[in-house]
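Enquirer: Here is a sequence with its predicted model. Questions after.
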Amino acid sequence: GGEGGGEGCGEGCGGVLRQALVDGERVAACMCNPPFYGENEAPRGRADRAGERCEASRSELFTAGGEVGFVSRLISESAGMRDAAGWFSSLVGRKASLSPLLQRLDEAGAVHVRTTELAQGTTSRWVLAWSYEPSAVPREQARAAADSRGRGGGGGGGAGGRVNAGESPVDLELLIADPPGGDADAWADPATLLGGAAACFRRAALVHANLTAAEQHYIGGWSNVGPNNLFRAVLLHPSGRVHEAYDALFWMEADVVPIAPRWLDRLLEEAGAHSYWRKGPAQQPTLQHDMVSTHHYHMNSVGLYRLGQPCYRALLARVAAEHGDAPHDVSHHLFLHEPRHFHIWQAHAHRFLYTDFVQNRLDEWSLDDIAAVSPDTVLVHGKTPDPSVFAAFDAQREPGAGGA
């Protein structure tokens, strides 16, 4: 509701939290449905339509500064009452409001911040939640519980790995198609493979997809059995492990090369947006027009996948069922662009974002080639980097340095 004490009431009303909570009272969570509109702003949507009534009072609709002003005041108040709730949260009516509010939370010293999108039909709202308690991390707890149970089945069966005490929120899982017991077990401690770079991750572990030889079969082209099964062993595993434990996944194939320092920071920045289901690269370099076909428009499988999204998991399962052994990334594109699926594309096209933070190259590429497309690229998916790429890396590397 609105800030009590009068219509459009602002900071002079004693504050929302102080009115709602008795001194010294503590609750598990605080939830708020704020006024969405500024004092001189005209409401949009259902209340505007002829013949429809709006039952909300003026103070429930309007406030000084609109929802950004209201939630900003709520954030400031929560910073002075950080022990009053395990989590504070508010509904947000406009995606554009999230950026300034996230900045307010950073300034207020929030330890954990989460956002999620709520969609019904053509209407979307967002939930912004924050906590000042270092231990209030549900997904971290789910991850720890998964680790303590052990990993079973595809996308599971992982060796214990190494946990670092650093602050990185990124886990690295080395996905092996075979069951345990093969040569890859030599990497059970990923530091033997990664060296000092292992310290850049919160946790690094070996994970077995437990695929049979037949399930790993791969001849290329439109027969993509092995890569499909490896991908589905993670994203579509019945346990839903990754969806319970993580917010996002970056599918980093063996031929993905980081080309910029602190690329993990950029990856976290890209993963932090919450309206996408997929972020991935378009194909490079430019092709002659007479060579281009429909599948050349597809988003390569390398990139970010939003986790914990039931509708997206259902879409992945349907694409897998309808397209079988065809490459899963191309199949995704073709499925969404079939005329009979136009209504699905209409509803969800905005969740599939082409990005330049990673490029997909089919040529022998150099750092100059990458910069010519976008100077903001930090990762390249391409099997044939020009030898000058690694020569440049060697020249930049400081003696003894080993990090991401």
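Expert: Here it is on my side, so go on. Numbers count the residues shown, from 1 in each chain.

Enquirer: Please verify my assumption that M299 contacts W277.
Expert: No: using Cβ atoms under 8 Å, M299 makes no contact with W277, being 10.8 Å away. Bear in mind the C-beta positions are built from the backbone N, C-alpha and C, glycine included.

Enquirer: Give the intersection of the neighbour lists for the two.
Expert: F352 (Cβ atoms under 8 Å, 6 or more residues apart in numbering).

Enquirer: What segments of this structure are helices?
Expert: 16-20, 58-61, 66-80, 98-108, 138-149, 191-194, 225-235, 241-245, 263-271, 310-323, 328-336, 342-348, 367-373, 387-396 (DSSP state H).

Enquirer: Make JSON lines from those and add distance to E117, mean pLDDT and mean neighbour count to it.
Expert: JSON lines is the format used below for the helices of the chain (distance: least, Cβ to Cβ, whole Å; pLDDT from 0 to 100; neighbours: other Cβ atoms under 10 Å):
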{"stretch": "helix 16-20", "distance to E117": "24", "mean pLDDT": "76", "mean neighbour count": "16"}
{"stretch": "helix 58-61", "distance to E117": "22", "mean pLDDT": "58", "mean neighbour count": "16"}
{"stretch": "helix 66-80", "distance to E117": "16", "mean pLDDT": "88", "mean neighbour count": "20"}
{"stretch": "helix 98-108", "distance to E117": "10", "mean pLDDT": "87", "mean neighbour count": "16"}
{"stretch": "helix 138-149", "distance to E117": "16", "mean pLDDT": "46", "mean neighbour count": "14"}
{"stretch": "helix 191-194", "distance to E117": "34", "mean pLDDT": "79", "mean neighbour count": "15"}
{"stretch": "helix 225-235", "distance to E117": "19", "mean pLDDT": "94", "mean neighbour count": "20"}
{"stretch": "helix 241-245", "distance to E117": "15", "mean pLDDT": "88", "mean neighbour count": "20"}
{"stretch": "helix 263-271", "distance to E117": "15", "mean pLDDT": "90", "mean neighbour count": "17"}
{"stretch": "helix 310-323", "distance to E117": "11", "mean pLDDT": "93", "mean neighbour count": "15"}
{"stretch": "helix 328-336", "distance to E117": "19", "mean pLDDT": "94", "mean neighbour count": "21"}
{"stretch": "helix 342-348", "distance to E117": "12", "mean pLDDT": "94", "mean neighbour count": "12"}
{"stretch": "helix 367-373", "distance to E117": "30", "mean pLDDT": "93", "mean neighbour count": "16"}
{"stretch": "helix 387-396", "distance to E117": "38", "mean pLDDT": "75", "mean neighbour count": "11"}
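
Enquirer: Give me the neighbour count for W130.
Expert: 27 (other Cβ atoms under 10 Å).
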